[in-house]
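# sequence unknown, structure follows:
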């Protein structure tokens, strides 16, 4: 076969063409078909007559491969191993199938064009990537700070020999002669000529290498990269730090359970610990936890845990169990008489700062009630709630203030239509007093019994003047009061008479006032005339201007008397 199929062309590789000792060089892949260009792939001259390929056997001896004359097919002239492996492409390139390392030699293309003969030697190199790349002889674990053989990486059957690089988390490791040592070696297979490279890594691990991924990889001259599967290692180190954790479901209160957990940073982690429980030491094996059940306020205190083989490596933690107790005195149902005193005492025993609130008949109070002198309005149910965080306690008492009934007021009034009399009896007492009247009435009306007070009303139509009494009573005593109630008809007659008398009296008073005013004016006028005449006479006779003192005095008394009458 002289021409390559499309699939074979895809398998060819002419990766790098460069000059070595003045020769053109072609690199092919091991086991693949190699194409060696004639005159670097330049166009064939028009007068091309003969194209011939030969190779260098060494010691200045050449071997023929194949030849093609103008307008004819190529003829294989090789009689050795190349007899069934060589062919010529349309562009005069040499096609060499199943390349091996023995093909690394010089192949020469000879062209006869016209009277000119030209030769184009090409140096051939065969590359092969490693057939496998894996980390073997892996360490079981790495101890912190200790140089340990991590593993061996092998790149088999490569040409040229592979260069192996070690990586940690995809970053290359570089030998430093201390914590990183890399030892590489190469072995060549005498039959194939392929090389196997081995690389051994010694590594001093740190804590940061926990879960780190180690790989090894290669990159050959044609750019193909290979990497091994990642491996991780257990990093061992002694315990350097220890802590005690307190685990509970929510807020730690009396009756709950609490778990003490000892956490050490060693690897492998310690599995046995000593727990110091307020003076008592409990050894726990194959576990890092100890549970305290049904804790009480006495559980509060300092707790510790330590390593069994190193008592100095310990940790401590304070545990506080919250509690809340209250005691209210007095409590239950309290019976007292009005005017007495009740002293409340609330005792609170808590692990923190509690908050106290009071309610009376479900209505919030501003502060704790004080009963220095009980009244009926103090009766009711009192609730006290003490809270501290999630804890809450309640206490209550019912106060009943008792007393014999007392009538505070007994009154009367006409109804709005003026046809009836309404009698009103207002009383205090507890238990609720009953009310009775000494007269029958209608439209009985009783107010609700609130704070020891009750108001009772009846409507009556008295036909004569009478005295009506209201009596209130309960199991502790009674009280009565009376009120005079006049006949409704007599009051109507008296009202009319009062209206007539008032009219006549008004007329009389008006007449008296007018008469007195007139008399006052006349007296004043007479006095003025008299004084005028007296003054005129003095001018004539030379007497005193104001007249005699006795006359003046009498006149003034007369005027004053008339003035008082006028005012009355």
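Nice, I can see it. This one's a predicted model, so the numbers in the text were calculated from it and none came from an experiment.
# just so I have it, where are all the helices in this structure?
In order along the chain, the chain carries the following helices (DSSP state H): 6-11, 488-541, 549-567.
# where's residue 199 relative to residue 150, distance?
With distances taken as CB to CB, to the nearest Å, residue 199 is found 11 Å from residue 150. Yep, even glycine has a C-beta here, placed from its N, CA and C like the rest.
# Next: residue 63.
In this structure, residue 63 and residue 150 are separated by 50 Å, where distance is defined by CB to CB.
# out of these two, which sits in the more crowded spot?
Between residue 63 and residue 150, counted using other CB atoms under 10 Å, the more crowded position is residue 150 (26 against 16).
# for the protein, what helix or strand is lowest in average pLDDT?
The helix or strand of the chain with the poorest confidence is helix 6-11; it has a mean of 30 (mean pLDDT, DSSP states H and E).
# Just give the number of residues close to the residue nearest to residue 329 when sequence neighbours are not counted.
For residue 329, the nearest residue in space outside its immediate sequence neighbours is residue 345; the separation is 4.6 Å by CB to CB, 6 or more residues apart in numbering. The local packing count at residue 345 equals 8, with neighbours defined by other CB under 10 Å.
# Correct me if wrong: residue 345 contacts residue 328.
Yes: because the distance of 7.5 Å satisfies CB atoms under 8 Å, residue 345 is recorded as touching residue 328.
# so what are the domain limits for this protein?
Taking automatic domain parsing as the domain assignment, the record places the domains of the chain at 6-127, 133-236, 242-319, 403-489, 505-567.
# ok, and for the longest strand along the chain, which residues are buried?
In the chain, with assignment by DSSP state E, the single longest strand is strand 391-414. Judged by neighbour count using 16 or more other CB atoms under 10 Å, the buried positions of strand 391-414 are 391, 393, 397, 399, 401, 402, 403, 404, 405, 406, 407, 410.
# need the contact list for the third one.
Residues touching residue 397, when contacts are defined by CB atoms under 8 Å, 6 or more residues apart in numbering, comprise 328, 330, 331, 332, 333, 334, 381, 382.
# try 10 Å
Contacts here follow CB atoms under 10 Å, 6 or more residues apart in numbering; on that basis residue 397 touches 328-334, 342, 344, 380-384.
# cool, the first one as well?
Counting by CB under 10 Å, 6+ apart, residue 391 makes contact with 251, 253, 254, 322, 323, 324, 325, 350, 351, 352, 354.
# As a markdown table, the residues you listed with neighbour count would be great.
As requested, the contacts of residue 391 are arranged in a markdown table below (neighbours: other CB atoms under 10 Å):
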| residue | neighbour count |
| --- | --- |
| 251 | 11 |
| 253 | 19 |
| 254 | 17 |
| 322 | 18 |
| 323 | 19 |
| 324 | 21 |
| 325 | 14 |
| 350 | 17 |
| 351 | 18 |
| 352 | 11 |
| 354 | 18 |
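# Farthest pair within those residues?
By the measure CB to CB, 251 and 325 form the most distant pair in these, at 16.5 Å.
# Can you give me the distance of the closest residue to residue 435 other than its chain neighbours to residue 375?
With sequence-adjacent residues excluded and distances taken as CB to CB, 6+ apart, residue 435 is closest to residue 456, at 4.0 Å. Using CB to CB, we find residue 456 at a distance of 21 Å from residue 375.
# Could you check which of these two is surrounded by more residues?
A side-by-side neighbour count of residue 456 and residue 375, using other CB under 10 Å, places residue 456 first with 21 against 14.
# For the closest residue to residue 304 other than its chain neighbours, list each beta-bridge partner.
Sequence neighbours aside, residue 276 is the residue nearest to residue 304 in space, at 3.9 Å (criterion: CB to CB, 6+ apart). Taking DSSP bridges as the rule, residue 276 bridges to residue 281, residue 304.
# How about the contacts made by residue 346?
If a contact means CB under 10 Å, 6+ apart, then residue 346 has 326, 327, 328, 329, 356, 358, 368, 384, 386, 395 as its contacts.
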